[in-house]
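[1] When you get a sec, could you give me coordinates for this:
(one chain, ligands or ions: 1)
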Amino acid sequence: MIIWVRRVAAGEMEKVRARRTTALSDRTCPPPGYCGVTDTGCVPRRRSPSAGTGAAGSETVSSRIRGSRRPRRTKAPRRTPRAEDRTGPTPRRTSPRLERDFRTATPGTSRAAKRRRRRRCRLALRMPRVCREVIVRCAHQTAEGAESDDWLRVQNALLQEQVCAQRRMLRELETQLQRSQRTCAQLRTQVALYDGEMARARRQLDAELLSLKEEKERVVREAFVRAESQMKAVHDNLAGVRSKLAGLHPALRTLTADYNTLKKQVHHFPAMLRNAIDDAKREICRAIGDVSATNQKLVDKYKREMNLRKKIHNQLVQLKGNIRVLCRVRPVAGGEEAEGVLTFDPDDDGVLHLSDKGKVTTFDLDKVFGPEATQEEGFSEVEALVTSCVDGFHVCIFAYGQTGSGKTYTMEGAASDPGLNQRALRLLFSRVADKSPEWEFHICVSMLEIYNETLRDLLGDQPAADKLDIKMNPDGSGQLYVPGLTRVAVRTVDDVNQVLEAGRASRATACTDLNERSSRSHALLVVSVAGLNGTTGSRTQGKLNLVDLAGSERVGRSGAEGGRLREARHINKSLSALGDVMDALRRKRPHVPFRNSRLTFLLQDSLQGDSKTLMMVQVSPVAADAGESLCSLKFAQRVRSVELNASKRPDSRSASSSPTPQSLEVASLVSRRPRAPFGPNSKRLEKPPPPPSLRLFFLWL
Ligand SMILES: Nc1ncnc2c1ncn2[C@@H]1O[C@H](COP(=O)(O)OP(=O)(O)OP(=O)(O)O)[C@@H](O)[C@H]1O
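    Predicted coordinates for the structure are as follows:
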């Protein structure tokens, strides 16, 4: 019995132990279907050897690592009934307390558990008391094991989570490992490529090195050959130099001797040099004296030549006449009747026939320009006078004629085709430039008008307010001057254009019945030309007066009245005074009435003596103007008969002081041209041919 009880107790103990083992294995392993490697892939922790039987534990770990199967539970060997057990049941001694304890100590409420419990109860009832107590204790211990089993399950779940995290980490590590392996493979491939490249480069370098070595050897060989040939040439040269050197030794000795001689001479050189310098100075002074004398002779000769040229030019102008009268016929404007009024002589360009009221009058003038004549042709007759002005003579150029006959056109012209004023100034600048650098000229321009016998400065700030007067120059030269008159220094044609433009803007113009824009005043452009010859010291003082006279008009015809009538009377009065002055000059009267008008008074120094005067008489070709044209041409005829006496020119103003033998010779050759007698109806005289001496003079010119 005791043995049976022991065996039963041992069997119970074995069961409890097996259960504990199972619990322990459950504590470390996940429940079936959850912790298998196949299901979850997680790897369990290593179990401690005390956690269960070695075989069962090792099988569970290995199966989990492999992840193939669910671990088998180790079952306690089924106890086979023994002979003692089969001796029969123990008489039933029921102990209620023991049975209750036994029931309560046995866990489980399921039907199988109840069945097992009942069976154990039956067995226990058949057991002795000690065995039952052992069994109860064992049951108690089993209950404790169940509690710890629950705790172990929780631990197991935590460990499972850790295992999963470790497993994920392991997968990442595996992925990184695979990536690293791929990178490693690529690097290995690149290393192989680099090795190939290195080998190829090494081979190439070897080949280049070899070729360079060969090149070096070749160059060295060539250099050696060249050096050999050069050395040979140098040796040859050296031999030649040596032989020459041998020949130079005697020459060196000679040179040394010469050097010693020269050394002695150099010792005496300063004294010799001083002597030579003194001699040279004397020579130079003598040469300078000779040159100065020659120069003085040349200057004298130049002066004489200049004076001769001036005299000859002057004589030429005098031959043409100190007072020249030209006539210009303006073109017929549209709608004007001009048939047969003016006719020209085809054989003589100085003859003009005027038909007025059936009577034909012939006028003999210096030149007549037809309607088709250009400004250039008109100016060609003025060029000589501009040269005279540069030579120091006074020149006066008038434009005279009835209103609307073209005076302003002839003097001022258009912008595209300038008139006498601008052309004369251009030529003046050209002549002055020709005489440079021996001569230095200072040119000043003044513009004034005489309006109703009052002088106005056209270049002043207030032309209308400034009333000027004509006075004798206090310097005793006998010259007239206008105090306060603006004088503008001009150096270029542009300067002149600006001055002309300013003066033109200030000029008084007004409308009449005869001419839309009629000049109602005498406009004077006065150009003073002062010259100084730097070589001879000669001075000249010329004056060029360019006068656009106001239009003469018959008061009754122009319809002027009031202010216009006063203007017309002043104009006609001053023109009449001009005619009187001309007449007195022609008749060589002792008194010339210069002071009868502002115009003649102002031009006094340019109308007498050796001055040159040119009058451009403007004529209208229109039949209605024939009467006016007749008056203008009669006036021109009167003026033309005037001769200015060169001897009356004041000496103080003369640029060429004393006549030279050449000028006297030329003067003796000159004879006066015959002039037509004064008078409007005078007949034209035939021009006699020039005397032989005069022809000779022209040829000489
Ligand atoms: N040779 C010419 N060629 C072309 N046109 C001319 C010529 N002469 C004069 N004229 C024209 O005739 C007109 C009158 O001329 P301009 O004004 O010069 O006359 P004027 O004599 O000065 O008159 P006024 O005395 O009234 O001032 C102008 O329109 C001008 O252009």
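
[2] Quick check: pLDDT value at residue 208.
    Note on residue 208: pLDDT of 94.

[3] pLDDT wise, what is the residue nearest the centre of the chain at?
    The residue lying closest to the centre of the chain (C-alpha atoms, centre = their mean) is residue 494, at 28.3 Å. Per-residue pLDDT puts residue 494 at 87.

[4] Helix or strand: which one has it?
    helix 493-506 (DSSP states H and E).

[5] CA-only coordinates of that helix, as CSV, when you get a sec.
    Coordinates of each C-alpha in helix 493-506 appear next as CSV, following Å, rounded to 0.1, in the frame of the first residue of the first chain:
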residue,chain,number,x,y,z
VAL,A,493,31.9,135.2,-93.3
ASP,A,494,29.6,133.7,-90.7
ASP,A,495,30.2,136.6,-88.4
VAL,A,496,29.3,138.9,-91.3
ASN,A,497,26.1,137.0,-92.0
GLN,A,498,25.0,137.3,-88.4
VAL,A,499,25.6,141.1,-88.5
LEU,A,500,23.7,141.4,-91.7
GLU,A,501,20.8,139.5,-90.4
ALA,A,502,20.6,141.6,-87.3
GLY,A,503,20.8,144.8,-89.3
ARG,A,504,18.2,143.6,-91.7
ALA,A,505,15.7,142.9,-88.9
SER,A,506,16.1,146.4,-87.6
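
[6] got the buried residues for it?
    By neighbour count on 16 or more other C-beta atoms under 10 Å, the buried set for helix 493-506 is 495-497, 499-500, 503, 506. Using the backbone N, CA and C atoms, a C-beta is placed for each residue, glycine as well.

[7] So which of those sits lowest on pLDDT?
    Minimum pLDDT across these falls on residue 506, with 77.

[8] quick one, what contacts it?
    By C-beta atoms under 8 Å, 6 or more residues apart in numbering, the contact list for residue 506 reads 447, 449, 456, 458-459, 463.

[9] so which of the residues you listed comes closest to residue 111?
    Distance to residue 111 across these (C-beta to C-beta) is lowest for residue 459, with 150.5 Å.

[10] who in the chain is up against the ligand?
    330-331, 401, 403-409, 515, 518-519, 551, 618 (C-beta under 6 Å from any ligand atom).

[11] Quick check: which element contains the residue in the stretch 51-200 of the chain that the ligand sits nearest to?
    Using C-beta to the nearest ligand atom, the single residue of the stretch 51-200 of the chain nearest to the ligand is residue 197, 99.5 Å away. Using DSSP H and E, residue 197 maps to helix 129-320.

[12] could you point out which element follows that helix?
    Downstream of helix 129-320, the first helix or strand assigned by DSSP H and E is strand 323-329.

[13] Next, residue 486: phi, psi?
    phi -70, psi 130 (degrees, to the nearest 10).

[14] okay, it: pLDDT?
    Confidence score, pLDDT, at residue 486: 90.

[15] pretty sure it is touching residue 468, no?
    No: the criterion here is C-beta atoms under 8 Å, and residue 486 misses it with residue 468 at 9.8 Å.

[16] so what sits against both of those two?
    residue 457.

[17] how close does residue 267 sit to residue 261?
    Relative to residue 261, residue 267 is positioned 11 Å away (C-beta to C-beta, to the nearest Å).

[18] Partner strands of the one helix or strand residue 613 maps to, with direction?
    Element membership of residue 613 [criterion: DSSP H and E] is strand 612-619. Its sheet considered, strand 612-619 pairs with strand 323-329 (parallel), strand 394-401 (parallel) by DSSP bridges.

[19] and among the ones you listed, the most buried is which?
    Of all the strands paired with strand 612-619, strand 394-401 has the most neighbours on average by mean count of other C-beta atoms under 10 Å, namely a mean of 26.

[20] what is the rounded mean pLDDT of the helix or strand just after that one?
    Downstream of strand 394-401, the next assigned helix or strand under DSSP H and E is helix 407-411. Here helix 407-411 scores 91 as its mean pLDDT.
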